[in-house]
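Asks: coordinates only, sequence not included:
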């Protein structure tokens, strides 16, 4: 009887501990944190496009566009633009980003891709 | 002893049950928080993306109207009708970060009723300086629609808006120059066409002034005349070209021609 009691109690404890491990609340918390981190490059792209406007991206030369993204980048948030597939080379070697985002714009006569990376410095 | 063991077991069961229940509650709360954050992130991204895609569709229609204006020559006689009949449509679609979007834009000349409301600014600032109403330019009423679906179909966005955009051709100036230039040429040639040299002198006396008037308004003017087929009649023509109009895809020239005859 005593052994049965100990076995049932131990089994129940094991099941409960397993459930506690499986239902780890840290995973969804990290997911929320990732979403928050992801919003930084998204916001950076939005701010850049809003600042320069679509007509600028439609008719300006690639060097002019590259100069504008260089102005909008900083140490931790790097913006780059690809005009018809050619990039500005803002990052000599692309580091593993904390978060990144990109936006493809189909403008008259050209496709412009705006990219943003949140990097650790 | 046995009772103590049973009591201890029951206490453990209750303790572990409470622990699991607390953990499940915590997990559900964190899960909901993460789902809300994710949904909010997708909604925010869809909202921003809708601005871009509506702006890009607007740029497409403006580029088409610009292409029409630069490739065809308008006529002084029906300039208002020609500009009033201008229309174009454009669309953009794609997939950005798991959000599928489709935007359309349909542009037509803005009606007098729309212009009478007098909104000189428009909130589609992403296409500035072509957003809003500009007096004397070609104003277009653009109907925009966007549909977006993200988050695996769970988060969708639909927008239908009407905006006023413009291309900075000087349509009012062109109309005015058509009337004044053709009127002046007609007056100069009228009654002098029987004598070619007299008519030529009258023509040459008036043209420099017309060229100057056109230049003041940003137009290049060319003009010519020839004797008519019968009697003392003559025909004359003008070509007005607005050079270097700043359009959405670069600068372009817009031309208007007109003609008249004296009997």
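Replies: It's in. None of the values given here were measured: they were computed from a predicted structure.
Asks: wait, residue B:174 sits on residue B:256?
Replies: Yes - between residue B:174 and residue B:256 there is a contact at 4.8 Å, judged by Cβ atoms under 8 Å. No exception for glycine: its C-beta is placed from N, CA and C like everyone else's.
Asks: what is in contact with those two at once?
Replies: Residues touching both residue B:174 and residue B:256 comprise B:74, B:76, B:79, B:240, with contact defined as Cβ atoms under 8 Å, 6 or more residues apart in numbering or on different chains.
Asks: need the contact list for residue B:75.
Replies: Counting by Cβ under 8 Å, 6+ apart, residue B:75 has contacts B:82, B:256-258.
Asks: Show the buried residues in those residues.
Replies: Among those, those buried by neighbour count (16 or more other Cβ atoms under 10 Å in any protein chain shown) are B:82, B:256-258.
Asks: elements contacting the one helix or strand residue B:183 maps to?
Replies: Taking DSSP states H and E as the definition, residue B:183 sits inside helix B:171-189. Under the contact criterion of 3 or more Cβ pairs under 8 Å, 6 or more residues apart in numbering or on different chains; DSSP states H and E, helix B:171-189 touches helix B:79-84, helix B:196-216, strand B:219-227, strand B:234-247, strand B:250-262.
Asks: and which of the buried ones among the contacts of residue B:75 is nearest chain A?
Replies: Chain A lies nearest to residue B:82 out of these, by Cβ to the nearest Cβ, at 22.5 Å.
Asks: residues in contact with that closest one?
Replies: Residues in contact with residue B:82, defined by Cβ under 8 Å, 6+ apart, are B:74-75.
Asks: tell me the pLDDT at it?
Replies: You'll see residue B:82 listed with a pLDDT of 89.
Asks: do residue B:27 as well
Replies: 80.
Asks: could you give the angle of the helix or strand where it lies to strand B:234-247?
Replies: Assigned by DSSP H and E, residue B:27 falls within helix B:2-71. For helix B:2-71 against strand B:234-247, the angle by axes from the mean of the first three to the mean of the last three Cα atoms, to 10 degrees is 160 degrees.
Asks: Can you tell me the number of residues neighbouring the closest residue to chain A within the stretch 51-200 of chain B?
Replies: At 3.5 Å from chain A, residue B:63 is the closest residue in the stretch 51-200 of chain B, using Cβ to the nearest Cβ. Counted with other Cβ atoms under 10 Å in any protein chain shown, the neighbours of residue B:63 add up to 22.
Asks: So it sits against residue B:250, correct?
Replies: No - counting by Cβ under 8 Å, residue B:63 does not reach residue B:250; the two are 9.8 Å apart.
Asks: Following the chain past the lowest-mean-pLDDT helix or strand in chain B, name the next helix or strand.
Replies: The least trusted helix or strand in chain B, going by mean pLDDT, DSSP states H and E, turns out to be helix B:112-116, with a mean of 65. Going down the chain from helix B:112-116, the next helix or strand is strand B:138-150, by DSSP H and E.
Asks: That following strand pairs with which strands, parallel or anti?
Replies: Strand pairing for strand B:138-150, determined by DSSP bridges: strand B:99-109 (antiparallel), strand B:155-167 (antiparallel).
Asks: roughly how far is the shortest one from the heart of the chain?
Replies: Translated: strand B:99-109. Centre-to-centre, strand B:99-109 and its host chain are 11 Å apart (Cα atoms, centre = their mean, to the nearest Å).
Asks: got it, and stretch B:128-136?
Replies: Relative to its parent chain, stretch B:128-136 has a centroid offset of 9 Å by Cα atoms, centre = their mean.
Asks: got a markdown table for the buried ones among the contacts of residue B:75, with distance to residue A:9 too?
Replies: Formatted as a markdown table, these follow (distance: Cβ to Cβ, whole Å):
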| residue | distance to residue A:9 |
| --- | --- |
| B:82 | 91 |
| B:256 | 96 |
| B:257 | 100 |
| B:258 | 102 |
